[in-house]
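> generate coordinates for the sequence data below:
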Amino acid sequence: SVLVTGQDIIFFWVARMVMAGMEYEKQIPFKDVYFTGMVRDKLGRKMSKSLGNSPDLLDLIDRYGADAVRFGIMVSSPAGNDLMFDENSLEQGRNFNNKIWNALKLLKMWESRQSSDVNPENPAPALHDSLLITHDFAIDWFSNRLNKVRAEVDSLMKQFRLSEALKTIYSLIWDDFCSWYLEWIKPGFEQPIDAAVYNKTIGYFEELMQLLHPYMPFVTEEIYHLLKEQPDDLCVKQFTAPGPVNQQVLQNALLLKNSITGLRDVRNKQQIKPRDAIKLHIQTPDESAFKAMEPLLAKQVNASSVQYTHQAVENSMNCVIGKDKFFIETQQPLNTEKQKTDLLKELDYHKGFLAVVEKKLGNEKFVQNAKPEVIELEKKKKADAELKIKIIEESLAAL
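Residues are numbered from 1 along each chain as shown. The predicted structure follows:
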């Protein structure tokens, strides 16, 4: 495959390369030719010297860095369409660079704190077991997430959807690795990190840099060699084949992330200080899913205990996250009016969403023409919305 610009003269050079390959090597040198779209300014005009709307590339590299410029161009270049150039995308690339470097600095801070035992002076078996469960869950989840993204990127690359592949890798590194995974395995203040967990994380970081390398070759190569002594370079290293994906693990992790985000939002709205511990009660049809990640949930929302219930808990704040109810006990006085306002607002949203779905399913033309899987998806949306409305109404009645 060859990456070329969309100018007429390119056809001539492509033809020459094909003829030269047939003449001297007796084979076609490549089968695919990728033509990029035309670069335009914010107003949609073609960039040209006469209009004076073409930026100085070397100046952009000086200000943002070569990798950030590559990122900015690729992330805003959908296959088959013209590219609307905007310096904001270059700034996004620079911020991405900084994010990766900060992740490297964090890991280097942990490097000297490795230990084969979480706390050699005072093993505290219960705490040790809790941390092992937390680390096992985080590692298992990220391994599956990485395999899923590898398969997605491989598919996107074969379709020449280069921009979409970059966005997928960007989300994996920024959101999944930096925002969630590193947070889940992070040791306590001045506490050691398990050596096996640290080495596994270094391995994940290497694989992330390999995925990103075609787009940002300089920073990824540098970080790859700073992580540890390497026997090879990224530019010649073969890509790892995608492995199997356990969808249940990914689903459990999504449940955990949504629960953490929702509970942190409640704490923030109720002005519960981060250092103040809470007691958490969960009303859920699937207790086993939460029990598998209970220590991690407690750690992330600063809960001194996590219990399960089948009825409302008195003198507690309650919230609905997905299909589950959470009751929060705290020393802080309850603001039931604010809880009621928040629940009513959420109830209005889900009722509006349900009305839209019901209208779509009530449209005979849509039902006749849509694919069966699309109809099933809309029916699932309807069932989920109805369940959420029921749960919220029960919470309001309890208030």
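> packing partners of the helix or strand where Ala68 lies?
According to DSSP states H and E, Ala68 maps onto helix 66-75. Helices and strands touching helix 66-75, as assessed by 3 or more Cβ pairs under 8 Å, 6 or more residues apart in numbering; DSSP states H and E, comprise helix 57-64, helix 87-111, helix 162-171, helix 217-227. Yep, even glycine has a C-beta here, placed from its N, CA and C like the rest.
> dump these to a markdown table, plus mean pLDDT, distance to Trp141 and mean neighbour count.
Formatted as a markdown table, the helices and strands packed on helix 66-75 follow (pLDDT from 0 to 100; distance: least, Cβ to Cβ, whole Å; neighbours: other Cβ atoms under 10 Å):
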| stretch | mean pLDDT | distance to Trp141 | mean neighbour count |
| --- | --- | --- | --- |
| helix 57-64 | 91 | 33 | 14 |
| helix 87-111 | 94 | 17 | 16 |
| helix 162-171 | 94 | 15 | 19 |
| helix 217-227 | 96 | 21 | 17 |
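> based on its surroundings, how many neighbours for Val367?
Other residues near Val367 come to 13 when the count uses other Cβ atoms under 10 Å.
> which of the helices or strands spans it?
Taking DSSP H and E as the definition, one finds Val367 inside helix 364-369.
> so how far is that helix from its chain's centroid?
Between the centre of helix 364-369 and the centre of its chain there are 35 Å (Cα atoms, centre = their mean, to the nearest Å).
> ok, stretch 292-303 next?
What separates the centre of stretch 292-303 from the centre of its chain is 20 Å, taken as Cα atoms, centre = their mean.
> show me the contact partners of it.
Contact with stretch 292-303 is made by 130-131, 133-134, 137-138, 183-184, 252-253, 255-256, 259-260, 263-264, 267, 274-280, 290, 304-306, as judged by Cβ atoms under 8 Å, 6 or more residues apart in numbering.
> all strands of this protein, in order?
2-4, 33-35, 39-40, 83-84, 114-115, 193-194, 278-283, 303-308, 317-321, 324-329 (DSSP state E).
> can you tell me which of these is nearest to Ser395?
strand 317-321 (5.2 Å; Cβ to Cβ).
> direction included, what does the closest one pair against?
Neighbouring strands of strand 317-321 in its sheet, by DSSP bridges, are strand 324-329 (antiparallel).
> pull the CA atoms of the strand it pairs with into CSV?
Output of strand 324-329 as CSV, limited to C-alpha atoms (Å, rounded to 0.1, in the frame of the first residue of the first chain):
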residue,chain,number,x,y,z
ASP,A,324,-29.5,-0.6,40.1
LYS,A,325,-30.3,1.4,43.2
PHE,A,326,-27.6,2.8,45.5
PHE,A,327,-28.2,3.9,49.1
ILE,A,328,-25.6,6.1,50.7
GLU,A,329,-25.2,6.4,54.5
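> and it, what's buried?
Buried residues in strand 324-329, defined by neighbour count with 16 or more other Cβ atoms under 10 Å: 324-329.
> now do that strand against strand 303-308, angle only.
Strand 324-329 and strand 303-308 meet at an angle of 140 degrees, taking axes from the mean of the first three to the mean of the last three Cα atoms, to 10 degrees as the criterion.
> pLDDT on strand 324-329, on average?
For strand 324-329, mean pLDDT is 89.
> list of residues touching that strand?
Against strand 324-329 from outside (Cβ under 8 Å, 6+ apart): 259, 262-263, 266-267, 270, 272, 278-284, 309, 312-313, 315-320, 391, 394-395.
> same thing with stretch 385-395?
By Cβ under 8 Å, 6+ apart, stretch 385-395 touches 312, 318-320, 322-323, 325, 343, 346-347, 350-351, 353-354, 357.
> need the buried ones from those residues selected in PyMOL.
Per 16+ other Cβ under 10 Å, the buried members of the contacts of stretch 385-395 correspond to this PyMOL selection:
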select buried, resi 312+318+319+320+325+343+346+347+350+353+354+357
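> can you tell me which of the contacts of stretch 385-395 is nearest Asn97?
Of all those, Gly322 has the smallest distance to Asn97: 35.0 Å, by Cβ to Cβ.
> what's the separation between that closest one and Asp286?
Using Cβ to Cβ, to the nearest Å, we find Gly322 at a distance of 11 Å from Asp286.
> now Leu254
Taking Cβ to Cβ, one finds Leu254 at 13 Å from Asp286.
> got it, and Val153?
From Val153 over to Asp286 (counting by Cβ to Cβ), the distance is 31 Å.
> would you mind checking which helix or strand in the protein has the lowest mean pLDDT?
One helix or strand of the chain scores below all others by mean pLDDT, DSSP states H and E: strand 2-4, with a mean of 50.
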